[in-house]
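> Have a look; sequence and predicted model below, questions after that.
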Amino acid sequence: MMNTDSANRKFEKELKSGTAALILLGVIFASGRPMYGYQITKEIETASGRPEEKHLFRQGALYPVLRSMERSGILESEIEPSVSGPPRRYYSLTEDGGKILEDWKVTWQNTKDLVDDILKGKDDV
């Protein structure tokens, strides 16, 4: 039998892995400029306002999602030299990526509304 803490961790992990791509696209779009992994990680940490959330969006965990979205044509990247270390890969939305983000935002809102309505229950409507 699964204890409450294990169930909560499992649920959070599945929820966040399912929303990671949407969050990444949202951060890159909102910045209005190409971004590299560390910048994206820092922006997510700042936006969350919750330091305890940092471990959920570690820089290394983001790269597989970024690469997958690039392979899918949602993102494109460009490598630029860095004066303070190795070259950096900057990610930006493609034209299709912008359209996909808009579609995903609608899907997210519809899903959020459904979950909110169900969790409120009949007596709260």
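Happy to help now that I have it.
> C-alpha only now, for contacts and for neighbours.
OK.
> so which strand or helix has Glu80?
Counting by DSSP states H and E, the element that carries Glu80 is strand 75-82.
> Could I get the average pLDDT for the next helix or strand after that strand?
Using DSSP H and E, the helix or strand that directly follows strand 75-82 along the chain is strand 85-93. For strand 85-93, mean pLDDT is 95.
> report the angle between the axes of strand 85-93 and strand 75-82?
Going by axes from the mean of the first three to the mean of the last three CA atoms, to 10 degrees, strand 85-93 is angled at 160 degrees with respect to strand 75-82.
> Name the residues that touch strand 85-93?
25, 28-29, 33-37, 66, 74-82 (CA atoms under 8 Å, 6 or more residues apart in numbering).
> next one: phi and psi at the residue most central in space within the chain?
With the centre of the chain defined as its mean C-alpha position, the nearest residue by CA atoms, centre = their mean is Ile23, 2.5 Å away. In terms of degrees, to the nearest 10, the main-chain angles of Ile23 are phi -60, psi -50.
> Same check on Arg33?
phi -150, psi 160.
> neighbours around it, how many?
11 (other CA atoms under 10 Å).
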